[in-house]
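[1] A structural model of the following input is requested.
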Amino acid sequence: MRTKNPTAFPLKHADDKFNPGMTLRDYFAGQIITGIVSNTSVWNDITSLDESAEFAYEIAEALLIERQKYEPKNNG
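    Numbering: from 1, shown residues only. Take a look at the predicted model:
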């Protein structure tokens, strides 16, 4: 099953233009990376910036998968 990745902060402007905002995966990863770099015990175990970004997105993906378990089932 494909992981749903909705927009996190969609915005409809007054002139009816639509901005989808960032994805929920990107929002989760941004929050997670903040926690990683602010926690020295975790940050000291990270060997590269690429590794920290990959770790953040792996956790974000896990959150999206878990989130789908709690979505109401479509009975239609």
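[2] In space, what's closest to residue 59 - neighbours in sequence excluded?
    Take residue 59 and drop its neighbours on the chain: the residue closest to it by C-beta to C-beta, 6 or more residues apart in numbering is residue 32, 5.0 Å away. Placement of C-beta: from N, CA and C, glycine included.
[3] Quick check: the one you found vs residue 49, distance?
    If you measure residue 32 against residue 49 using C-beta to C-beta, to the nearest Å, the figure is 14 Å.
[4] With just CA atoms, put the longest helix belonging to the chain into CSV.
    If each helix of the chain is counted by residues according to DSSP state H, the longest one is helix 49-68. As requested, C-alpha coordinates have been extracted for helix 49-68 and formatted as CSV (Å, rounded to 0.1, in the frame of the first residue of the first chain):
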residue,chain,number,x,y,z
LEU,A,49,24.5,15.2,7.6
ASP,A,50,23.2,12.8,5.0
GLU,A,51,22.7,10.2,7.7
SER,A,52,20.8,12.6,9.9
ALA,A,53,18.5,13.6,7.0
GLU,A,54,17.9,10.0,6.1
PHE,A,55,17.1,9.1,9.7
ALA,A,56,14.6,12.0,10.0
TYR,A,57,12.8,10.9,6.8
GLU,A,58,12.8,7.2,7.9
ILE,A,59,11.0,8.3,11.1
ALA,A,60,8.7,10.6,9.2
GLU,A,61,7.7,7.7,6.9
ALA,A,62,7.0,5.5,10.0
LEU,A,63,4.8,8.2,11.4
LEU,A,64,2.8,8.4,8.1
ILE,A,65,2.4,4.6,8.1
GLU,A,66,1.2,4.6,11.7
ARG,A,67,-1.1,7.5,11.0
GLN,A,68,-2.9,5.6,8.3
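[5] Please identify the buried residues of that helix?
    Buried residues in helix 49-68, defined by neighbour count with 16 or more other C-beta atoms under 10 Å: 52, 55, 56, 57, 59, 60, 63, 64.
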